[in-house]
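J.: Next come a sequence and a model predicted from it.
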Protein chains: 2
Amino acid sequence: MDSIKNLITLLGENAKNAAKTLRGATTVAKNNALINIANQIDQNRRSILKANKKDLANSKNKGLNIALLDRLMLDNIRINNIIKSLNQIANLPDPIGEITDLKYQASGIQVGKMRVSLGVIGVIYESRPNVTIDAVALCLKSGNSIILRGGSETVHSNHALYTCVKQSITQAGLNENCAQLINTQDRKAVIELVKASDYVDAIIPRGGKGLLKAISNSAKVPIIKHLDGICHTYIDKDADTQKAISIAFNAKTRRYGVCNATETLLVHSSVVGKILPELIAQYLAKGVELRGCPETVKLSNTIILATAEDWKTEYLDAILSIRIVKSMSEAIKHIDKYSSNHTESIVSENYTRSRRFITEVNSSSVMINASTSFADGFEYGLGGEIGISTDKLHVRGPVGLEGLTSQKFIVLGNGHIRQ
Amino acid sequence: MDSIKNLITLLGENAKNAAKTLRGATTVAKNNALINIANQIDQNRRSILKANKKDLANSKNKGLNIALLDRLMLDNIRINNIIKSLNQIANLPDPIGEITDLKYQASGIQVGKMRVSLGVIGVIYESRPNVTIDAVALCLKSGNSIILRGGSETVHSNHALYTCVKQSITQAGLNENCAQLINTQDRKAVIELVKASDYVDAIIPRGGKGLLKAISNSAKVPIIKHLDGICHTYIDKDADTQKAISIAFNAKTRRYGVCNATETLLVHSSVVGKILPELIAQYLAKGVELRGCPETVKLSNTIILATAEDWKTEYLDAILSIRIVKSMSEAIKHIDKYSSNHTESIVSENYTRSRRFITEVNSSSVMINASTSFADGFEYGLGGEIGISTDKLHVRGPVGLEGLTSQKFIVLGNGHIRQ
């Protein structure tokens, strides 16, 4: 235990010192680091793929299922995407040092805000090795040093990728401790990391509920949480039939295992006949299992009666629950009760109700006439995302560069003293 | 214990339900509530002052010192200021619902941000009864319901003020539980409040280090922390002599017991002769005790040699520590080591060093040629402040209306589905 604690303290001190140097790093140095990493990865494809094969073989032996194996698998296409993402983040404007709202006050001082890094970010993740690089790229660009803790199932892939990182950041003239990888799989390292509030400014967990639960009790460092994605699509009585059908279909079926997929469809009772028979046929043809309220069940004998549990379940699967509501108020009430505050969408041509929906629904993303599938950092123009926050403080929704920063006040005077 | 826990759960549920109604409250209803409170306080001066006299008498009996008695004292002038502050906050623009950055993305969706309330804010405070009203005003205006927990020394004053609040919010058509006062002085109520993460979204403690320490260990709710105010003024080698003297003098002596007072003065060695003799004379004439580095001590036999402890002390008193440095880098290093990240100021006519100072110094407020005394929500044009955050996440510096809000994403489509 003590040796793990000492390791985390050492990594923490290193990261904190590196963060101080990173604060003053030029945009060009940070961008060069990212471009160097992209080049290193390109040149080291063979060793990265070899390491990944090792992880795959070990995971197969451990009996991981196909979906999980797919998550941790790397191939040339995925490596190309990692490289592309690095170049994209290098091309984004540098958020650090941005000065806004510089206004004169009655006293004569000019007060504004300057965007600054948070300091040290701990990223704890599972499965996907590309997170190693995405997280490093977003943290470096936003002036934060990063401590990485990947899952045991990708330990070789992560090491191979991290080797590329390490060389690249020193080549770019940045402190080598700007990005560090925890090289033990001991679970205690995670606990010590989330306790290390003297060194770490924020923790971003990327993994299942198990991970979040494991760290929440021990955490002394603020966690930028991503809870479930129980997303809703509400079809209003003034919905355009075609938009409603295509949005509701896309929101569920584009991909099943993602947090922005719609899990519950709410339909205004007056448009059930116009919309649901066609939509149900499409879902069934696609192989989606449907579970409905008593009213919905009447529409087709293939629809199972939903239980109370269904409304609070993130299926992450080809399953959809459907509920018919008598009013938008009833829909909002349902969302208020069951939503995980991730993403909700209304389909409506009605101005007043659309406006009311985006005002009253309190989720991190609220949409009008768009598929919940759009809840994503790239789609929002953030250039990437390190996660999606369902928290209320600091940052909501997809967390890009700006979510990894904060703003300090700057005051420009000319010898001003306060009366 | 259980009855206290039940009480907090009840208050928490009430506050959470009230917050849902407050989310949709109109600007005019919120403003009317504040104006009503101002009128109620005006009409109930006598009972408020009578309650305050009781608190003062009790506190005198308990042997509180004059400074503390002054903090909890109310008179007609202070009541006028409370009323003025309510009207000022009523006149501020409503932050809630503000939509910004609404931009089209390549997919055709339009993505922006909408400012939203946090939900339920717990404010734990000591001494000053005006906090009761300031906190209520800022929370209501920013669409948050509030749970108040004042100190035992002002229990009668707080009740008298809260009575005005309660009547006023229902008169304005707001839910009566938008503002609730914990009516027990049991310390356990504070502990239960900071643990109530199912109901409370943020805790703002306004009190000494003892309070912060007491709640930090138990807290499950995020705390918007205000640690010490160990503020520095650095006089650069290119400082204008007159600006340097008047800023350094004002920053220490305007008021001693405030967190934005400069506690340590850093002076570049090359301007010591031009600036320090005159400045030291002014400080001594004002009765400020000076403690200095060995170099400073040589300047006057009235200056005590500073110990290591001095550099990390928030005096909140007529005491100043002075250190002579050989470069700005040395000054920044000192600040990095000893500052509480509250407020630092450079006095300099040099463009490059001024720019470097505001970039590299990582405090919640960084100033050029202005007194650290300006670090204040009113002076920054925030229309008020509920505290000053020395945290890194969510909000830094004076916390006004915006600090009590966050932003969600909104997506406007026209039937858009994601490929």
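T.: Arrived safely, thanks for sending.
J.: Could I get the full set of strands for the stretch 101-250 of chain A?
T.: A:110-117, A:120-125, A:145-149, A:179-181, A:202-206, A:231-235 (DSSP state E, counting those that start in this stretch).
J.: care to break chain A down by domain?
T.: A:2-224+A:399-412, A:231-379 (automatic domain parsing).
J.: right, and the strands of the stretch 101-250 of chain A - which one's nearest chain B?
T.: Between chain B and the strands of the stretch 101-250 of chain A, the tightest spacing by CB to the nearest CB is seen for strand A:110-117, at 4.8 Å. C-betas here are computed from N, CA, C, even on glycine.
J.: what mean pLDDT does that closest one have?
T.: For strand A:110-117, mean pLDDT is 97.
J.: and that strand, what does it pack onto?
T.: helix A:2-23, strand A:99-104, strand A:405-416 (3 or more CB pairs under 8 Å, 6 or more residues apart in numbering or on different chains; DSSP states H and E).
J.: Partner strands of the shortest one, with direction?
T.: Think strand A:99-104. The strands beside strand A:99-104 in its sheet (DSSP bridges) come out as strand A:110-117 (antiparallel).
J.: how far out from the middle of the chain is the partner strand?
T.: 26 Å (CA atoms, centre = their mean, to the nearest Å).
J.: What lies in contact with it?
T.: With CB atoms under 8 Å, 6 or more residues apart in numbering or on different chains as the test, strand A:110-117 has contacts from A:19, A:22-23, A:95-105, A:142-144, A:402, A:404-413, B:358-359, B:362, B:366, B:379-381.
J.: hmm, the helix or strand of chain A with the lowest mean pLDDT touching chain B?
T.: Ranked by mean pLDDT, DSSP states H and E, the helix or strand of chain A with the weakest confidence is helix A:209-216, at a mean of 82. No: in terms of CB under 8 Å from any CB of the partner chain, no part of helix A:209-216 sits within range of chain B; the closest distance is 8.8 Å.
J.: now for that helix, which elements pack on it?
T.: Looks like helix A:209-216 contacts helix A:188-195, strand A:202-206 (3+ CB pairs under 8 Å, 6+ apart).
J.: Next, the angle from it to strand A:202-206.
T.: In terms of direction (axes from the mean of the first three to the mean of the last three CA atoms, to 10 degrees), helix A:209-216 departs from strand A:202-206 by 160 degrees.
J.: Pull out the buried residues from helix A:209-216.
T.: By 16 or more other CB atoms under 10 Å in any protein chain shown, the buried positions in helix A:209-216 come out as A:211-212, A:214-215.
J.: any idea of the angle that helix forms with strand A:120-125?
T.: 150 degrees.
J.: Which residues does helix A:209-216 contact?
T.: A:124, A:126, A:187, A:190-191, A:194, A:203, A:205, A:223, A:225-228.
J.: can you redo these as a markdown table with neighbour count?
T.: Shown next, in a markdown table, are the contacts of helix A:209-216 (neighbours: other CB atoms under 10 Å in any protein chain shown):
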| residue | neighbour count |
| --- | --- |
| A:Ile124 | 26 |
| A:Glu126 | 20 |
| A:Arg187 | 10 |
| A:Val190 | 22 |
| A:Ile191 | 19 |
| A:Val194 | 25 |
| A:Ile203 | 25 |
| A:Pro205 | 24 |
| A:Ile223 | 19 |
| A:Lys225 | 18 |
| A:His226 | 24 |
| A:Leu227 | 16 |
| A:Asp228 | 19 |
